[in-house]
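Asker: What follows is a protein structure lacking sequence information:
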């Protein structure tokens, strides 16, 4: 009898983070262009254009540039599921960077209790562990900036 290896498990980033803000405010920070401009980009980058068509099948685009020199990229995709303020699912494709990366999927789930919103993020379909780690560190930094934005809005 011939045996076959199990198919490879797709690499993913899974992250949990708590925010002292209502789930509605956290959800808006993920879906409103003005808020995304404030926290989205990785360190050393700034958002130059954010477009959101917040409906299932609607597109989004977040264009970014380096703050210390040349270089521009964008993240684009489509919304798969939208359930305010608890769930957001969208595709993810780089433009201008990482040309061999497959289209990925990002799942955001929010749960609110006792003044705290817990964010659960899953970013799936990385081609290799290096890309997974790069995105993991990017999401950690972005969540730190999101936390500061939410704290400023509350204060």
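Answerer: Perfect, I can see it now. Please read all numbers here as calculations on a predicted model, not as lab measurements.

Asker: What are the boundaries of the helices in this protein?
Answerer: Using DSSP state H, the helices found in the chain span residues 23-31, 33-39, 129-154.

Asker: elements contacting the first one?
Answerer: For helix 23-31, the helices and strands in contact under the criterion 3 or more Cβ pairs under 8 Å, 6 or more residues apart in numbering; DSSP states H and E are helix 33-39, strand 87-95, strand 104-113, strand 116-126, helix 129-154. Every residue, glycine included, has its C-beta placed from N, CA and C.

Asker: coming back round to it: make TSV from the helices of the chain and add mean pLDDT to it.
Answerer: Below are the helices of the chain laid out as TSV (pLDDT from 0 to 100):
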stretch	mean pLDDT
helix 23-31	97
helix 33-39	95
helix 129-154	92
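
Asker: Just send these back as a markdown table, with mean neighbour count too.
Answerer: A markdown table is the format used below for the helices of the chain (neighbours: other Cβ atoms under 10 Å):
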| stretch | mean neighbour count |
| --- | --- |
| helix 23-31 | 20 |
| helix 33-39 | 17 |
| helix 129-154 | 16 |
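
Asker: Arrange those helices in CSV, one row each, with distance to residue 60 as further columns.
Answerer: Converted to CSV, these look like this (distance: least, Cβ to Cβ, whole Å):
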stretch, distance to residue 60
helix 23-31, 9
helix 33-39, 9
helix 129-154, 15
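
Asker: do you know which of these lies nearest residue 78?
Answerer: helix 23-31 (13.7 Å; Cβ to Cβ).

Asker: now the angle from that closest one to strand 87-95?
Answerer: Orientation note: helix 23-31 sits at an angle of 20 degrees relative to strand 87-95 (axes from the mean of the first three to the mean of the last three Cα atoms, to 10 degrees).

Asker: can you state the direction angle for helix 23-31 and strand 116-126?
Answerer: 30 degrees.

Asker: what are the bridge partners for residue 88, then?
Answerer: Partner residues in beta bridges with residue 88, using DSSP bridges, are residue 82, residue 108.

Asker: er, residue 77 actually
Answerer: Bridge pairing for residue 77 - DSSP bridges - gives residue 60.
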